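[1] I need the structure of the sequence given here:
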Amino acid sequence: MVFANLPGIKAYKLDNNLLPVPTSRAPRVLIVGTASKGAGDSFYVVPTTSAARSAFGNSGTLIRGMWEALKTGAQEVALYRIGSTAAELTGVGDALGVGGYTITTVEQDEDAGGNYSMYYDDSEERLVVRRNSDNLVVFDNDATNPIELYEVTVSGYRAVAGGADIGSSVSFIDLEDVDSSTYAGTAFTAGTDGLSLSRMELYEQLYVAYKNLLSEDFDVIVPMDTYLDDYNIVDQGHFLGAITPVIPAGSVYPTAGAYRLGIDVDSLGKFYVEEYEGEFYFWWAIGGTATAAIHPSVGLASATLKIDGTALTTADYHEVNFAYQQARFLYDYSTEFVDATGVIGVLPPASNSLRDRARWYGTSPTWTLANGVETIATGSDDGSGLLGNKFKVGMAAHRDGVFGGGLILTDSEFMDGDEQLDANDAPIDLGKYISVVADTVFLRNNWYSAGYLSPYSASYAGFYVGLPPASAPSNKPVTGASLVFKYTLPKYNALTGAGYVTLRTKTNGSLVVTDAPTATMPNSDWKRLSTVRIVKAIIDGCRLVLDPFIGNGTGSSKISSMRNAVENQVLLPAKKDGYLQSYKEFSVLQSPQQAVQGVVEVSLTLQPAFEIRQINITVSLSKTGS
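    All right, here's what the predicted structure looks like:
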């Protein structure tokens, strides 16, 4: 999705043309996760760790991710809480329950309804809300001296007189204690913490979060508790294959974390979404039909109907995956705003037994060479486990069994649209934006000093943002982590070849990052994280120096100034700092038609400083001294 009508600098990355590419500010890691309190759906830059802990509490994944990123080197961290909902009281001043005032807390927490109280006088149509902790009035619709402290949102109005009085000026009633049995027409909905999100609920929360985060500023994003190989109704290569979620009666989501087959399995279904009056509503299909097992109650929506009453079809539902969702968001974000990357993990083995570890890393597919192209011919040739994941190595049913699988951009926001090509006629590989970390490790940090098991994804994000762009994480020691699930060198070799980031212990006892691939297909120009980060530094540098030209007049002198800014302030410093080996003569052009449209083309061809990955030592012996 490119915002064609918005002024700005658009960045496109071509593949199959390797001569790839530096930002000059402190990189920021964004952690997206759950917490027991604090502002929801709000971008929070961490001023101090104690302030963040005070704001969000220590429960959930948000503060844990913060500590994991900081422990490994991140200098700046931002937090974004998802999953929580506000308390809401409707029908105030309307005995029929169809209108009246609605009071919604800004605080998103299961205790929010008890943290505020109110009174309503129908004869005066007076509504007052106060904060219980200090009895401070935060809202008063008094015509003479109104108060609005923006801690609650009051909407709607009283259509006619005759609604129930609620409390009094000397006897406020907690929002959570207002109900229709005592106060006709009212209805209270408690807020939620969101600490126990099912897989489908988490996908919904991230869907909305990614829409909101398009205007924020970060360099690396880590959605906590998400995995490339999450349980899914579509077989994506997990050793258990396709898993059908068990949906409790009444359109209720599965229990978070349940995974045993036949016992309320918590996995992803097929997904349909609609935006209606500024909010997103979601349907989930489970049985391969157009009938939703989970659906909203808004408008004419039902298990078989959309909000406007249109019938749902099987084509309306889409296969989903957390890694694809993240990579697709980063494509949109990096094209328009800051060039950014992300990290995601994988599910750990079921146990440390030889059998469970073998199932976890799995087996590679069998490829068939036909017309010079390697493919997976039939389902019987598919691999299993991590080595059989369709996005990392391929599956017969994914992209015609193409070698390497791939996370490819389509003309929709889902993977099942028509694939898009770049100017070199290469599929646009979204894997360049993310890294997939295979290890779940034992960590010790300020979140829990005794130690705990965690995916290394947030830690890896914090680790590489602290490195210069041209310095790859490969072979660099990590601290504060211990391996739990160990495997042999052949498995390390296979997992690295499949594009996974792993940790291994060297013969000297140090724990290092084995290699630093991205999640692209094997033949992509963007397979190395160091290449992607060097390109990021160049793109973000160009955005910085070219931004002052937006909104000003055009002409040959302006075009020349833009060219000089790119070369003298971005390319030459990058070459001096060792990010670039060289760059070719580049162009800053504007055709007469583009001048009318206000468009300028900057075309760069660069050779990055490639990392050293192997050193071959050849030794021969001589029987003489010469």
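[2] State the distance from Gln236 to Ala397.
    Between Gln236 and Ala397 the distance, using C-beta to C-beta, to the nearest Å, works out to 10 Å. Every C-beta, even on glycine, is put in place using the N, C-alpha and C of the backbone.
[3] Give the intersection of the neighbour lists for those two.
    Common neighbours of Gln236 and Ala397 (criterion: C-beta atoms under 8 Å, 6 or more residues apart in numbering): Lys390.
[4] who's more crowded, the two?
    For Gln236 against Ala397, the residue with the higher neighbour count under other C-beta atoms under 10 Å is Gln236, and the figures read 27 against 15.
[5] Going along the chain, name the helices of the stretch 201-350 of the chain.
    Here the stretch 201-350 of the chain has its helices, by DSSP state H, counting those that start in this stretch, at 322-336.
[6] could you pull out the strands for it?
    All strands of the stretch 201-350 of the chain, identified by DSSP state E, counting those that start in this stretch, fall at 220-223, 270-276, 279-285, 292-294, 341-345.
[7] Check what pLDDT the spatially closest residue to Gly309 that is not a sequence neighbour gets.
    Distances taken as C-beta to C-beta, 6 or more residues apart in numbering put Leu300 closest to Gly309, at 3.9 Å, once the chain neighbours are dropped. At Leu300 the predicted local confidence, pLDDT, stands at 96.
[8] What are the boundaries of the strands in the stretch 401-550 of the chain?
    With strands called from DSSP E, counting those that start in this stretch, the stretch 401-550 of the chain shows them at 434-437, 440-445, 448-455, 481-483, 500-501, 503-505, 511-513.
[9] partners of the first one in the sheet?
    By that I understand strand 434-437. The pairing partners recorded for strand 434-437 under DSSP bridges are strand 341-345 (parallel), strand 500-501 (parallel).
[10] Now tabulate the ones you listed in JSON lines and tack on mean neighbour count.
    As requested, those are arranged in JSON lines below (neighbours: other C-beta atoms under 10 Å):
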{"stretch": "strand 341-345", "mean neighbour count": "27"}
{"stretch": "strand 500-501", "mean neighbour count": "26"}
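[11] who does Val29 bridge with?
    Applying DSSP bridges to Val29 gives these bridge partners: Val77, Val220.
[12] Then the one 4 residues further on?
    Beta-bridge partners recorded for Gly33 (DSSP bridges): Arg81.
[13] Make sure it is actually in contact with Val77.
    No: between Gly33 and Val77 no contact is recorded; they are 11.8 Å apart, counting by C-beta atoms under 8 Å.
[14] if we can go back for a sec, please work out which of the strands of the stretch 201-350 of the chain is packed deepest.
    When you average the neighbours per residue for each of these (mean count of other C-beta atoms under 10 Å), strand 220-223 leads with a mean of 28.
[15] just to revisit the earlier point, okay if I get the strands paired with strand 434-437 as JSON lines plus mean pLDDT and distance to Leu206?
    What follows is those, written out as JSON lines (pLDDT from 0 to 100; distance: least, C-beta to C-beta, whole Å):
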{"stretch": "strand 341-345", "mean pLDDT": "98", "distance to Leu206": "11"}
{"stretch": "strand 500-501", "mean pLDDT": "97", "distance to Leu206": "21"}
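[16] Distance to Pro608 added to those strands, as a markdown table?
    Compiled in a markdown table, the strands paired with strand 434-437 are given as follows (distance: least, C-beta to C-beta, whole Å):
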| stretch | distance to Pro608 |
| --- | --- |
| strand 341-345 | 15 |
| strand 500-501 | 20 |
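[17] Ok, which of the ones you listed comes nearest Gln326?
    For the strands paired with strand 434-437, the distance to Gln326 is smallest for strand 341-345, at 5.0 Å, taking C-beta to C-beta.
[18] Which positions in the helix or strand just after that closest one come out as buried?
    Per DSSP states H and E, the first helix or strand lying C-terminal to strand 341-345 is helix 354-361. Judged by neighbour count using 16 or more other C-beta atoms under 10 Å, the buried positions of helix 354-361 are 357-361.
[19] go on, stretch 436-453?
    Buried residues in stretch 436-453, counted by 16+ other C-beta under 10 Å: 436-441, 443, 445, 447.
[20] for stretch 549-569, same thing?
    By neighbour count on 16+ other C-beta under 10 Å, the buried set for stretch 549-569 is 549, 554, 559, 561-562, 565-566, 569.
[21] Could you provide the strands of the stretch 401-550 of the chain in JSON lines, with additional columns for distance to Gly250?
    Putting the strands of the stretch 401-550 of the chain into JSON lines (distance: least, C-beta to C-beta, whole Å) gives the following:
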{"stretch": "strand 434-437", "distance to Gly250": "36"}
{"stretch": "strand 440-445", "distance to Gly250": "35"}
{"stretch": "strand 448-455", "distance to Gly250": "33"}
{"stretch": "strand 481-483", "distance to Gly250": "43"}
{"stretch": "strand 500-501", "distance to Gly250": "40"}
{"stretch": "strand 503-505", "distance to Gly250": "44"}
{"stretch": "strand 511-513", "distance to Gly250": "47"}
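[22] May I have the lengthiest helix in the chain as PDB, with CA atoms only?
    In the chain, ranked by residue count with DSSP state H as the criterion, the top helix is helix 529-546. Output in PDB follows, covering the C-alpha atoms of helix 529-546 (Å, rounded to 0.1, in the frame of the first residue of the first chain):
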ATOM      1  CA  LEU A 529      21.000  -8.200   7.500                       C
ATOM      2  CA  SER A 530      24.100  -6.000   7.200                       C
ATOM      3  CA  THR A 531      23.100  -5.200   3.600                       C
ATOM      4  CA  VAL A 532      19.600  -4.200   4.700                       C
ATOM      5  CA  ARG A 533      21.000  -2.000   7.600                       C
ATOM      6  CA  ILE A 534      23.500  -0.300   5.300                       C
ATOM      7  CA  VAL A 535      20.600   0.400   2.900                       C
ATOM      8  CA  LYS A 536      18.600   1.700   5.800                       C
ATOM      9  CA  ALA A 537      21.300   4.200   6.700                       C
ATOM     10  CA  ILE A 538      21.400   5.500   3.100                       C
ATOM     11  CA  ILE A 539      17.600   5.700   2.700                       C
ATOM     12  CA  ASP A 540      17.100   7.400   6.100                       C
ATOM     13  CA  GLY A 541      20.000   9.800   5.300                       C
ATOM     14  CA  CYS A 542      18.400  10.700   2.000                       C
ATOM     15  CA  ARG A 543      15.100  11.300   3.600                       C
ATOM     16  CA  LEU A 544      16.800  13.600   6.100                       C
ATOM     17  CA  VAL A 545      18.600  15.800   3.700                       C
ATOM     18  CA  LEU A 546      15.900  15.900   1.000                       C
END
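[23] could you give the angle of it to strand 341-345?
    With axes from the mean of the first three to the mean of the last three C-alpha atoms, to 10 degrees as the criterion, the two stretches helix 529-546 and strand 341-345 enclose an angle of 150 degrees.
[24] what's helix 529-546 packed up against?
    Counting contacts by 3 or more C-beta pairs under 8 Å, 6 or more residues apart in numbering; DSSP states H and E, helix 529-546 is packed against strand 341-345, helix 556-566, helix 572-576, strand 606-608.
[25] Looking at those, which is nearest to Ala285?
    When those are ranked by proximity to Ala285, the top entry is strand 341-345, at 24.5 Å, counting by C-beta to C-beta.
[26] can you tell which of the strands of the stretch 401-550 of the chain is closest to Val600?
    Ranking the strands of the stretch 401-550 of the chain by their distance to Val600 (criterion: C-beta to C-beta) puts strand 434-437 first, at 30.1 Å.
[27] what's the average pLDDT for the closest one?
    For strand 434-437, the mean pLDDT works out to 98.
[28] how far out from the middle of the chain is that strand?
    In terms of C-alpha atoms, centre = their mean, to the nearest Å, the gap separating the centre of strand 434-437 from the centre of its chain is 12 Å.
[29] who's in contact with it?
    Contact partners of strand 434-437, identified using C-beta under 8 Å, 6+ apart, comprise 228, 323, 326-327, 330, 341-346, 392, 407, 455-457, 460, 499-502, 516-519, 529.
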